[in-house]
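Participant: sharing a model that was predicted from the sequence below.
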Amino acid sequence: MTNVPRPAPLIEILLVEDNPGDIRLMREALRESKIVRRIHSVTDGQKAIDFLRKPNNDPDAVRPDIIFLDLNLPRKDGREVLAEIKADSKLRRIPVVILTSSQAEEDILRSYDNHANCYVTKPVDLEKFMEVVHTIENFWGGTVERPPE
Amino acid sequence: MLRVRQVGSAEREIEELRARLAEAEQTLQAIRRGGVDGIAVDGPSGPQIFTLRSADEPYRFLAECMSEGVAYLNPDCTILFCNQRLGEMVGRPIEKLVALPATTLVPAAEREQFQNFLMHGFKGSGRRELQFERSDGHLIPALASVNLIPNEQAPGLCLITTDLRESKRIEENLIRLASIVTNSNDAIVGKTLDGVVTSWNPGAEAIYGYSADEVIGKPIFMVIPPDRRQESEAILDQIKQGKRVHHLETERVRKDGKRVQISLSCSPIKDSKGKVLGASTISRDITQSKRAEHELRISQERLALALQAGRSGSFEWDIANDVTVWSPETEQLYGLSPGAFGGTREDWESLVVPEDRGGMQTALLQSLRTGELVAAWRIRRRDNGEIHWIDARAKVFLDPAGLPVRMVGINVDITDRKRSQEELAMRAEELARSNSELQQFAYVASHDLQEPLRMVASYTQLLRKRYQGQLDADANEFIQYAVDGAVRMQRLINALLAYSRVNTQGKEFAAVDCERLLEVALSNLKPSIEEAHAVITHDPLPTVQGDETQMGQLFQNLVGNAIKFHGSDPPRIHLAAQPQAGGWRFSVQDNGIGIEPENASRIFVIFQRLHTREEYPGTGMGLAISKKVVERHGGRIWVESQPGKGSTFLFTLPEVTGDKRTAASAAH
């Protein structure tokens, strides 16, 4: 094969999750990923906003390629974070995946109303959880064209 | 006309006039006394001489004494003589009448006629009514008769007039009285002392039904019922003694046999000497008013009963005099003994709890403006000191000037209503709170309880995955139980959540095609249908009003259960819907293991299981959710079953209100 595929750029993930168990589980799920470069995790909504709004000249400033957002968070909850991201012209193009254990209809509806890119309920079963994470990873990391920087 | 030319001649003239006056006076006296034999009258053809030889003094005196007016007329109808009475009647002194044409006594328009009448007298005599005109214009009715006085030398007429003023007045009075009697609605009956009817007015005819012709001359007893005969005779006895009977209420019998209630007054008819000749009875038909009175009394009694039954009482406030009258029921409401209410506004207010007095005042004052009182206040009952709620409603009546004069209304004890309202409000609040708690619980269950579960399940699984081969069989088994427990726990939580959401997350009802719902349910159940080799048949199913998601879940639960609890034979399941009064009755019949009758109701309770999980897996929530769904749709669900012979689950749903598709048209 001479047609060497263009190496896909590795993606940066922002994980907004207060449960250390879930953060670890996510890291485990993506441990051997060939798509993900780094997972940045923050444990509350305010920290997520701070992370996203770091000035460009800040050496730690990273613009994530995809955001995994839990809904129930301390300080500023995921619903508010979502609304703020989607109301911000600089951030609104970043795909936001709501990853939560809530199956409440009002949460699902409200998330899509606030332009969440998708809504996923965390499966109880580990295998299923891994599968879901890989699906999202492949979909947003490879299948789709992400918005150019 | 007197003119003075010079003093000497003036004195002469006066002297002359005096002499003529004296002469006239003497002539007059002479005429009165009859001492004049003749009289010279100036006429158009010169003086005429009339002699009165025929009228001598006694006759003249006689004429003066008569109560009629008398005049003696010559053939020209000129008055030659008249008496004082005539002068009085026509309102002129007699000396002015003498020598006047008699026709001047009547109004101008009637003179010719009068003249003709007088002329008639020359042919013998005449008699007619006429009216004299007095000098002041008044007309006097009179009866005039004229007679020829045969005298060869000087024939004349004798005019005799009777003043009819008094008799006219009497006649008019009589006519008026007669008219009153005729037009009276009361029966006015005259009778003799023996009870024979002598007069009978139309009022009597109307009340008793007999015409005057039928009763006059007959005994009055024909209208007196036998049981009143004695009373009637007693009345006649009173009359005979000259006494009257006033407003006696009694009964009479009509011609048609019906009884009529009357009020009668009876008076003796006496002659001028006071001798009783008969009786006059005035009777009034009081049947209607008696009935009205009776009905009034009954309705008053009913009102009193209704007021008592409704724990209410009436009141009337005379606003101008600030006096309030309470019915005994109102007094009872306030815990007062009958008649104990003082009647002033202060008395009323003193019974109201102090906090509500201001509001009561305001409501009363406002009602004077609006014309209507709608208010409620709390009172402390005088008898037992209990606080009661009183609802007051009243209407204000205005005088012709528009000022409020009276307020009439009722008071109702609404304590019980208030209490239940308060209780209801409390319950509603409790319900709202428990609903919101349930919602909160539902959310907690859907999120917070699942988090730790997920951790348990995920990490035990991760443990197994990561340490594959390094753990022994026991460790693997333990991990398996932990994972299994966590997964089951999650299912239970989800089932509980679904159960709690039946009412809180229900959708608006819409037309739901049950055929389609069944199709969807069967496609969801496809793996278990295939695994169990289940055969599912159904009759045509109707369209009903409902929540599509929940109805779908209902069908899936019932069919799923029927598959799950099959016996040794492959499941055969049949669904049907029967129309029934007010809706449909659905049935899901299977050939499964059946249920002991004593467990028939247990199965619908949450988490109730009749079998171990190993025998039949499941959360024990399916039928509980099904029951809740059916109940939310206004129906009920039950099971008819015998162990080993299968079960039939039945549920009802109310009538289709939207799409009227029938079972037949929905058939395959």
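Facilitator: Yep, that arrived. Numbers count the residues shown, from 1 in each chain, chains lettered A, B, ... in the order given.
Participant: average pLDDT across stretch B:171-183?
Facilitator: The predicted model assigns stretch B:171-183 a mean pLDDT of 87.
Participant: is chain A contacted by the host helix or strand of residue B:486?
Facilitator: Under the criterion of DSSP states H and E, residue B:486 resides in helix B:473-504. Yes: in terms of C-beta under 8 Å from any C-beta of the partner chain, part of helix B:473-504 sits within range of chain A, namely B:486, B:487, B:490, B:494, B:497. Where you see a C-beta, it was placed from the backbone N, CA and C, and this is true even at glycine.
Participant: which one (most neighbours) among these?
Facilitator: Top of these by neighbour number is residue B:486, holding 23 neighbours under the definition other C-beta atoms under 10 Å in any protein chain shown.
Participant: just checking, it touches residue B:459?
Facilitator: No: counting by C-beta atoms under 8 Å, no contact exists between residue B:486 and residue B:459, whose distance comes to 9.8 Å.
Participant: tell me the residues of chain A that contact chain B?
Facilitator: Close to chain B, as judged by C-beta under 8 Å from any C-beta, chain A has residues A:19, A:21-22, A:25, A:28, A:72, A:100-105, A:122, A:124-127, A:129.
Participant: got a list of what residue B:636 touches?
Facilitator: Applying C-beta atoms under 8 Å, 6 or more residues apart in numbering or on different chains, one finds that residue B:636 lies in contact with B:630, B:651, B:652.
Participant: what of residue B:455?
Facilitator: Taking C-beta under 8 Å, 6+ apart, we find residue B:455 in contact with A:19, A:21, A:22.
Participant: and chain B, which residues reach chain A?
Facilitator: Within chain B, the positions lying close to chain A (C-beta under 8 Å from any C-beta) are B:442-443, B:446-448, B:450-451, B:453-455, B:457-459, B:461-462, B:465, B:486-487, B:490, B:494, B:497, B:505.
Participant: show me where the stretch 151-300 of chain B has helices.
Facilitator: When secondary structure is read from DSSP state H, counting those that start in this stretch, the stretch 151-300 of chain B shows helices at B:165-183, B:202-208, B:212-215, B:229-240, B:287-309.
Participant: just the buried ones among the residues of chain A next to chain B, please.
Facilitator: For the residues of chain A next to chain B, a burial check counting by 16 or more other C-beta atoms under 10 Å in any protein chain shown picks out A:19, A:22, A:25, A:28, A:72, A:100-104, A:122, A:124-126, A:129.
Participant: so what's residue 22 up against?
Facilitator: Since no chain was named, I'll use chain A. Going by C-beta under 8 Å, 6+ apart, residue A:22 touches A:70, A:122, B:454, B:455.
Participant: thinking again about what came up before, got a winner among the contacts of residue B:636 for most neighbours?
Facilitator: residue B:630 (24 neighbours).
Participant: ok, so of the contacts of residue B:455, who is nearest chain B?
Facilitator: Set against chain B, the nearest of the contacts of residue B:455 by C-beta to the nearest C-beta is residue A:21 (4.5 Å).
Participant: returning to what we had before: need the contacts of residue A:22 in CSV (columns: pLDDT, distance to residue B:576 and secondary structure).
Facilitator: Conversion of those to CSV gives the following (pLDDT from 0 to 100; distance: C-beta to C-beta, whole Å; DSSP: H, G, I helix; E, B strand; the rest coil):
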residue, pLDDT, distance to residue B:576, secondary structure
A:70, 92, 49, coil
A:122, 87, 43, coil
B:454, 83, 43, helix
B:455, 86, 48, helix
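Participant: among those residues, which pair sits farthest apart?
Facilitator: When the contacts of residue A:22 are compared pair by pair using C-beta to C-beta, the farthest-apart members prove to be A:70 and B:455, with a separation of 13.7 Å.
Participant: okay, and the common contacts of those two?
Facilitator: Taking C-beta under 8 Å, 6+ apart as the contact rule, the neighbours common to residue A:70 and residue B:455 are A:19, A:22.
Participant: which one of the helices of the stretch 151-300 of chain B is the most hemmed in?
Facilitator: Mean neighbour count (mean count of other C-beta atoms under 10 Å in any protein chain shown) peaks for helix B:202-208 among the helices of the stretch 151-300 of chain B, with a mean of 20.
Participant: return the residues in contact with whichever residue of chain A sits closest to chain B.
Facilitator: Here chain A gets closest to chain B at one residue, residue A:126, 3.4 Å apart by C-beta to the nearest C-beta. Counting by C-beta under 8 Å, 6+ apart, residue A:126 touches A:25, B:457, B:458, B:459, B:461, B:462, B:465.
Participant: between those residues, which is nearest residue B:592?
Facilitator: Closest to residue B:592 out of the contacts of residue A:126 is residue B:457 (32.6 Å), distances taken as C-beta to C-beta.
Participant: the closest one against residue B:481, yeah?
Facilitator: No: Residue B:457 sits out of contact with residue B:481 when judged by C-beta under 8 Å, with a separation of 11.5 Å.
Participant: between the two, which has more neighbouring residues?
Facilitator: A side-by-side neighbour count of residue B:457 and residue B:481, using other C-beta under 10 Å, places residue B:457 first with 24 against 10.
Participant: for the more buried one, give me its contacts.
Facilitator: By C-beta under 8 Å, 6+ apart, the residues touching residue B:457 are A:124, A:125, A:126, B:482, B:483, B:486, B:487, B:490.
Participant: where does pLDDT dip in chain B?
Facilitator: For chain B, the stretches flagged by pLDDT under 70 are B:1-9, B:27-57, B:152, B:154, B:443, B:445-447, B:656-668.
Participant: distance of the closest residue to chain A within it relative to residue A:133?
Facilitator: When distances are taken as C-beta to the nearest C-beta, chain B reaches nearest to chain A at residue B:461, 3.4 Å away. When C-beta to C-beta, to the nearest Å is applied, the distance between residue B:461 and residue A:133 equals 14 Å.
Participant: now swap in residue B:274 and tell me
Facilitator: 134 Å.
Participant: so the two - more neighbours on which side?
Facilitator: For the pair residue B:274 and residue A:133, the greater number of neighbours falls to residue A:133 (23 against 8), based on other C-beta under 10 Å.
Participant: what's the closest non-adjacent residue to that one?
Facilitator: The spatially closest residue to residue A:133, leaving aside those adjacent along the chain, is residue A:29, at 4.1 Å (C-beta to C-beta, 6 or more residues apart in numbering or on different chains).
Participant: show me what contacts the one you found?
Facilitator: Contact analysis of residue A:29 by C-beta under 8 Å, 6+ apart lists A:129, A:130, A:133, A:134.
Participant: of all those residues, which comes closest to residue B:80?
Facilitator: residue A:129 (157.1 Å).
Participant: where does that closest one fall, secondary structure wise?
Facilitator: Residue A:129 is located in helix A:126-138, with elements delineated by DSSP H and E.
Participant: distance from that helix to the middle of the chain?
Facilitator: A distance of 13 Å separates the C-alpha centroid of helix A:126-138 from that of its chain, computed with C-alpha atoms, centre = their mean, to the nearest Å.
Participant: for it, what does the pLDDT average out to?
Facilitator: For helix A:126-138, the mean per-residue pLDDT is 87.
Participant: could you report the neighbour count for the closest residue to residue B:199 other than its chain neighbours?
Facilitator: Leaving aside its sequence neighbours, residue B:199 sits nearest to residue B:190 (C-beta to C-beta, 6+ apart; 3.7 Å). Taking other C-beta under 10 Å as the criterion, the count of residues near residue B:190 is 20.
Participant: contacting residues for residue B:190?
Facilitator: Residue B:190 sits next to B:197, B:198, B:199, B:200, B:269, B:278, B:279, B:280, B:281 when contact means C-beta under 8 Å, 6+ apart.
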